[in-house]
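Student: sequence first, then the predicted structure, then my questions.
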Amino acid sequence: MKPFLVMSLNQNIVNFTQFSWQDSFGNGDVNSLGANPENGSSLAQSEKAVEELLTQQTPMLATDDHLIEFSEALRTVAKALRGSAEGKALAQAEAAEWKRRYELERSKNQELLHKAPLNGVCADESSSKGMDHLAKSPRRHGQENGKSERYPLERICSHDLLQDGGESNSPNGCNNKLKRKASFKLSWGCKGQANDQHKKEIVSFESGNITTADRSSKQISLTWETNPQTVIIFTKPNSTSVRVLSVEMVRWLREHKGLNVYVEPRVKAELLSESSSFDFVQTWEDDKEISLLHPKVDLVITLGGDGTVLWAASMFKGPVPPIVPFSMGSLGFMTPFHSEQYRDCLEAVLKGPISITLRHRLQCHIIRDKARHDYETEENTLVLNEATIERGISSYLTNLECYCDNSFVTCVQGDGLILSTTSGSTAYSLAAGGSMVHPQVPGILFTPICPHSLSFRPLILPDHVTVRVQVPFNSRSSAWVSFDGKGRKQLEAGDALVCSIAPWPVSTACQVESTHDFLRSIHDGLHWNLRKTQSSDGPRDT
Ligand SMILES: NC(=O)c1ccc[n+]([C@@H]2O[C@H](COP(=O)([O-])OP(=O)(O)OC[C@H]3O[C@@H](n4cnc5c(N)ncnc54)[C@H](O)[C@@H]3O)[C@@H](O)[C@H]2O)c1
Ligand SMILES: Nc1ncnc2c1ncn2[C@@H]1O[C@H](COP(=O)(O)OP(=O)(O)OP(=O)(O)O)[C@@H](O)[C@H]1O
């Protein structure tokens, strides 16, 4: 070893190594390193400096294996870090542009609101459709109960984000004439409480006293600010009743509601085989194209069971439009709407306001041991229910090392482990002994499958953590991971699955409201705690 070289290198790489080791687990504080675009160039310089330093040193002996390995590791770290900083700079530039557009749009809205205080018109509506039309509309924001209300500045309004940025050139008609999505606002409040501003500061500590100012999660209500124009329908395949209903629903949405309708390619073929009059229905060619549709789609409708909701959510790798799930399966934890009453339900949803359940998703990322030096890694997968890591066809116990924010949790020896969202708590996790958790409780369920230990109880972890599950190098067998029961992938020794809460939840429309719907689903779906009531004629405490 050459002490001088090691010292110089250490001075140059101290930050690199800290960043890389943390970041590979999804926990690194990227801001501390890549907070400004200049970091990209300073990191490139550091990388160059490392290169120079390495070439300036006295020639290494062939026996200096450690040193060679160390310098290779350094180059990899520097390369990864530079890529990360460049990505960050790009994202920041994009965020700044969005902020600028937001500010511009907001001041335009306020100006227009000021000019038209009597009808409470949302600015972009007035510019796109004209005041006359708006004055006639029965559902103007701020006019409910005859009141003329100004928007609270803190409201969350979708239209700033969802303006249609560009036209797709899809051959299947994705380049439709729509200019923008319907805008809506979300408001938070408990029953009977007029508070519709969500306070960001949940905990205050004025004068040294810690108090909670607000709940982190509340019943959320969605109010359309402009009329929804476009819906997308996902249907369970190979079901005659679903097929019959989809034909009827598509016709009704077009003829009675004047909506643009997208369906899956398979369904479009089915509709055309019914009648050529369905040629107005739009579709897409491959699943990548559908994610481009998000900026144009106001509402997603599912016809099927929970699996169809999972399927629909999986089509959106980023933000998901609100989903209206109709129950056409046997259980239906996430499908509160009755298909027989679809017209009334859709009328109510299209009119709004509606209660929604905001269902968190997990983003899952596989880190392959053999690709640990590669900057490019496998794509993230988003799950609405769970990621399951299990032994697959192997007859050996799984041996999974689990870490939570880099703290060792435990080693799972058994059939496997389920990392579930709270929405998924009533699915596989429940069958494996996990608790049922209200879907709006933020958290990650850590549920073992048939653990070979008497004391392994399931855990519920907070929503801010990152969980890493690793197949140790000395494991007797590999493991398999599946996502919402699909897309199974093998995890070999040294591979890891990293999961954290995704920034894109799935909002599903409620029949009544979130808690009511959840309780109804566990009563009706599972017959939870059903027992004959004990009669009162018997012994009593005196
Ligand atoms: N032993 C088990 O209970 C078990 C085993 C494998 C998979 N699953 C679940 O099946 C899901 C995939 O569903 P699918 O419909 O594509 O497959 P599927 O057709 O095999 O149906 C699985 C069942 O799970 C129910 N289900 C799905 N999500 C649910 C939820 N969030 N709450 C309550 N029940 C739910 C469905 O209604 C269905 O009855 C997986 O995400 C997993 O949770 C359960
Ligand atoms: N549009 C779709 N395209 C392809 N597969 C789908 C689609 N919708 C649903 N599926 C798959 O079909 C399967 C069954 O769907 P779903 O759970 O909705 O119906 P179900 O099994 O009849 O309902 P339940 O489980 O409540 O009885 C699921 O595995 C789901 O992934």
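Tutor: Looks like it arrived, so ask away. Ligands and ions are numbered 1, 2, ... in the order given.
Student: in stretch 450-468, what counts as buried?
Tutor: By neighbour count with 16 or more other C-beta atoms under 10 Å, stretch 450-468 contains the buried residues 451, 456, 458-461, 463, 465-468. (C-beta placed from N, C-alpha, C; glycine too.)
Student: pick out the residue of the chain closest to ligand 1.
Tutor: At 2.4 Å from ligand 1, Gly307 is the closest residue in the chain, using C-beta to the nearest ligand atom.
Student: wait, that residue touches Gly329, no?
Tutor: Yes: at 7.1 Å, Gly307 counts as touching Gly329 under the criterion of C-beta atoms under 8 Å.
Student: outside of the longest strand belonging to the chain, which residues touch it?
Tutor: For the chain, the strand with the greatest residue count under DSSP state E is strand 407-420. Applying C-beta atoms under 8 Å, 6 or more residues apart in numbering, the contact partners of strand 407-420 are 362, 364, 385-391, 397-403, 424, 427-429, 432, 434, 444-453, 456, 459, 467, 469, 472, 479, 497, 499.
Student: where does pLDDT dip in this structure?
Tutor: Under the criterion pLDDT under 70, the flagged ranges of the chain are 1-63, 97, 101, 108-109, 111-179, 189-202, 213-216.
Student: so in it, which helix runs the longest?
Tutor: What stands out as the longest helix in the chain, according to DSSP state H, is helix 65-115.
Student: gap between it and the chain center?
Tutor: The chain centre lies 20 Å from the centre of helix 65-115; the measure is C-alpha atoms, centre = their mean, to the nearest Å.
Student: same thing with stretch 257-270?
Tutor: 25 Å.
Student: and that stretch, C-alpha only, in PDB?
Tutor: What follows is stretch 257-270, C-alpha atoms only, in PDB (Å, rounded to 0.1, in the frame of the first residue of the first chain):
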ATOM      1  CA  LYS A 257     -72.500  12.900 -21.600                       C
ATOM      2  CA  GLY A 258     -70.700  13.800 -24.700                       C
ATOM      3  CA  LEU A 259     -67.400  12.400 -23.400                       C
ATOM      4  CA  ASN A 260     -64.400  11.100 -25.300                       C
ATOM      5  CA  VAL A 261     -63.800   7.500 -24.500                       C
ATOM      6  CA  TYR A 262     -60.600   5.500 -24.500                       C
ATOM      7  CA  VAL A 263     -60.600   1.700 -24.100                       C
ATOM      8  CA  GLU A 264     -58.000  -1.000 -24.400                       C
ATOM      9  CA  PRO A 265     -57.300  -2.300 -27.900                       C
ATOM     10  CA  ARG A 266     -59.000  -5.600 -27.100                       C
ATOM     11  CA  VAL A 267     -62.100  -3.800 -26.000                       C
ATOM     12  CA  LYS A 268     -62.100  -1.500 -29.100                       C
ATOM     13  CA  ALA A 269     -62.100  -4.700 -31.300                       C
ATOM     14  CA  GLU A 270     -65.000  -6.100 -29.200                       C
END
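Student: buried sites along stretch 78-96?
Tutor: Applying a neighbour-count criterion of 16+ other C-beta under 10 Å, one finds 78, 80-82, 84-86, 88-89 buried in stretch 78-96.
Student: just to revisit the earlier point, does anything pack onto the longest helix of the chain? Which helices or strands?
Tutor: When contacts are defined as 3 or more C-beta pairs under 8 Å, 6 or more residues apart in numbering; DSSP states H and E, helix 65-115 packs onto helix 3-23, helix 30-34, helix 38-56, helix 123-129.
Student: now with 6 Å?
Tutor: On a contact count with 3 or more C-beta pairs under 6 Å, 6 or more residues apart in numbering; DSSP states H and E, helix 65-115 meets helix 3-23, helix 38-56, helix 123-129.
Student: circling back: out of the buried residues of stretch 78-96, who's near ligand 2?
Tutor: Counting by C-beta under 6 Å from any ligand atom, nothing from these sits close to ligand 2.
Student: which of the contacts of strand 407-420 fall in strands?
Tutor: Residues of these located in strands (DSSP E): 362, 364, 386-390, 398-403, 444-451, 459, 467, 469, 479, 497, 499.
Student: narrow the residues you listed to just the buried residues.
Tutor: Among the ones in strands among the contacts of strand 407-420, those that count as buried by neighbour count (16+ other C-beta under 10 Å) are 362, 364, 386-390, 398-403, 444-449, 451, 459, 467, 469, 479, 497, 499.
Student: in the buried residues of stretch 78-96, find the pair that's most separated.
Tutor: Pairwise distances across the buried residues of stretch 78-96 (C-beta to C-beta) peak at 16.4 Å, for the pair Ala78 and Ala89.
Student: quick check: residues of this structure near ligand 1?
Tutor: On the criterion C-beta under 6 Å from any ligand atom, ligand 1 has as its neighbours in the chain the residues 305-307, 310, 329, 331, 333-334, 385-386, 423-424, 426-428, 431, 484-485.
Student: any chance of a ChimeraX selection covering the buried ones in those?
Tutor: What follows is the ChimeraX syntax selecting those of the residues of the chain next to ligand 1 that are buried according to 16+ other C-beta under 10 Å:
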select :305,306,307,310,329,331,333,334,385,386,423,424,426,427,428,484
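Student: inside helices: which ones of the residues of the chain next to ligand 1?
Tutor: 306-307, 310, 428, 431.
Student: closest to Pro321 out of these?
Tutor: Sorting these by how near they are to Pro321, with C-beta to C-beta, puts Leu310 at the top with 15.8 Å.
Student: host element of the nearest residue to Leu259 once chain neighbours are set aside?
Tutor: Of all residues beyond its chain neighbours, the one nearest Leu259 is Leu253 (4.7 Å), with distances taken as C-beta to C-beta, 6 or more residues apart in numbering. Secondary structure assignment for Leu253, by DSSP states H and E: helix 240-255.
Student: send me that helix as CSV with only the CA atoms.
Tutor: The C-alpha coordinates for helix 240-255 follow below in CSV (Å, rounded to 0.1, in the frame of the first residue of the first chain):
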residue,chain,number,x,y,z
THR,A,240,-69.8,-11.7,-20.8
SER,A,241,-71.5,-9.5,-18.3
VAL,A,242,-68.5,-7.1,-18.3
ARG,A,243,-68.6,-7.0,-22.1
VAL,A,244,-72.3,-6.3,-22.2
LEU,A,245,-72.0,-3.5,-19.7
SER,A,246,-69.0,-2.0,-21.4
VAL,A,247,-71.0,-1.7,-24.7
GLU,A,248,-73.8,0.0,-22.9
MET,A,249,-71.7,2.3,-20.8
VAL,A,250,-69.5,3.5,-23.7
ARG,A,251,-72.7,4.4,-25.7
TRP,A,252,-74.2,6.2,-22.7
LEU,A,253,-71.0,8.2,-22.0
ARG,A,254,-70.9,9.4,-25.5
GLU,A,255,-74.5,10.0,-26.3
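Student: surely Val349 is in a helix?
Tutor: Yes: membership of Val349 in a helix is supported by DSSP: H, G, I helix; E, B strand; the rest coil.
Student: okay, now Thr235: neighbour count?
Tutor: Taking other C-beta atoms under 10 Å as the criterion, the count of residues near Thr235 is 25.
Student: so the residue nearest to it when sequence neighbours are not counted, which state does it fall into?
Tutor: Counting by C-beta to C-beta, 6+ apart, Thr235 lies nearest to Leu303, which is 4.6 Å off, once chain neighbours are set aside. Three-state assignment for Leu303 (three-state DSSP): strand.
Student: list the contacts for Leu303?
Tutor: Contacts for Leu303 were tallied using C-beta atoms under 6 Å, 6 or more residues apart in numbering; they are 235, 242, 245-246, 326, 328.
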